[in-house]
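1. Got a sequence here, can you build the structure:
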Amino acid sequence: MASHHDDVNPFANGSAATGSKFRLPTFGFGQKHDATDDVPLDTMNGSKSREKEIADWEADLRRRELDIKRREDAVSRANIPTEEKNWPPFLPIIHHDIANEIPVHAQKLQYLAFASWLGIAFCLVYNIIAVTVCWVQGGGVKIFFLATIYAILGVPLSYVLWYRPLYRAMRTDSAIKFGWFFMMYLLHIVFCVFAAIAPPIVFHGESLTGILAAISIFPQHTLAGIFFLIGFGFFCLESILSLWVLQKIYMYFRGHK
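-> Purely as a prediction, here's the structure:
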């Protein structure tokens, strides 16, 4: 008697003892697949957009780098030094480095010119003090305001008009800058001599601590007269120092050329 399992042909399509179907695995063969079906279209577009943004960013970065390099090259060709404010040390407001930027043989002259600039700054500040004493003793407020204006304008203008041009002339050996210095420094000397005399031209000359102002106020205000005499001495010293500096720098300029 034949077994029940003998009637079952496992290789026959659609035949089974129990009525169920038995199929061989296809292992993916015979099935149709589209490669683009599994990748969403918006993902592809987003990826391309990010690639474009990155490319644009890199191109912009390269343009910026080239622009910075062109500017640096232009500055280098123009021989324009970068000046970092380093003086005075407690409150840097100007660039000043004689030891590293001025030739060794010209450093002494530059220090003398720097002393001359500090001298006129000191004279103008002391002038305010002396005039303030005179004002307190009844000299009038107008001379105080004038003395203050002299200091506020005189100190920075002297630096810009003649000291900085000399500093750059020594550093770059520029004849034009030397010429500008000589012209402005002569005006500086004229002012120093004028201040030492203090003729009665502006408010009877009492806004400057010169000899004529000291003589005029000494009988009425003895303390102010003493301050004015000291100021007269300072302006005289500044005038003498300035004339010496002018002579030294002129000799240096002629000999160097």
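2. how about the spatially most central residue of the chain, phi and psi?
-> By CA atoms, centre = their mean, the chain has its centre lying nearest to E84, at 5.8 Å. In terms of degrees, to the nearest 10, the main-chain angles of E84 are phi -100, psi 130.
3. Next up, the contacts around it.
-> H95 (CB atoms under 8 Å, 6 or more residues apart in numbering). (Glycine included, C-beta is placed from N, CA and C.)
4. where along the chain do the helices fall?
-> Secondary structure of the chain (DSSP state H): helices located at 41-78, 98-101, 107-134, 141-158, 164-172, 175-197, 211-217, 222-256.
5. how about the ones you listed, which one is nearest G205?
-> With CB to CB as the criterion, G205 lies closest to helix 211-217 of the helices of the chain, at 4.6 Å.
6. low-scoring stretches of the stretch 151-257 of the chain, by residue?
-> By pLDDT under 70, the weakly predicted segments of the stretch 151-257 of the chain are 256-257.
7. at 80 instead, please
-> 202-204, 256-257 (pLDDT under 80).
8. Which of the helices of the chain sits closest to F203?
-> Set against F203 and scored by CB to CB, these come closest in helix 141-158, at 5.4 Å.
9. Mind listing residues that contact the closest one?
-> 117, 120-121, 124-125, 127-128, 131-132, 134-135, 188, 191, 202-203, 206-208.
10. Which members of the residues you listed are classed as buried?
-> 117, 120-121, 124, 127-128, 131-132, 134-135, 188, 191, 206-208 (16 or more other CB atoms under 10 Å).
11. ok, which pair from those residues is furthest apart?
-> Longest span within these, CB to CB: W117 and W135, 27.3 Å.
12. still on that earlier bit, how about the helices of the chain in CSV, adding distance to P89?
-> Below are the helices of the chain laid out as CSV (distance: least, CB to CB, whole Å):
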stretch, distance to P89
helix 41-78, 27
helix 98-101, 14
helix 107-134, 15
helix 141-158, 18
helix 164-172, 18
helix 175-197, 26
helix 211-217, 36
helix 222-256, 24
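13. F90 is nearest to which of these?
-> helix 107-134 (15.4 Å).
14. Determine the angle, from 0 to 180 degrees, between the closest one and helix 164-172.
-> 170 degrees (axes from the mean of the first three to the mean of the last three CA atoms, to 10 degrees).
15. Helix 107-134 packs against which elements?
-> helix 98-101, helix 141-158, helix 164-172, helix 175-197, helix 222-256 (3 or more CB pairs under 8 Å, 6 or more residues apart in numbering; DSSP states H and E).
16. Apply 10 Å and report the result again.
-> In terms of contacts (3 or more CB pairs under 10 Å, 6 or more residues apart in numbering; DSSP states H and E), helix 107-134 is packed against helix 98-101, helix 141-158, helix 164-172, helix 175-197, helix 211-217, helix 222-256.
17. Quick check: which of those is nearest to A59?
-> The nearest among the helices and strands packed on helix 107-134, by CB to CB, is helix 164-172 at 39.5 Å.
18. Could I get the buried residue list for the closest one?
-> Buried, per 16+ other CB under 10 Å, within helix 164-172: 164-171.
19. just stretch 177-186 next, same as before
-> For stretch 177-186, burial by neighbour count (16+ other CB under 10 Å) applies to 177-178, 180-182, 184-185.
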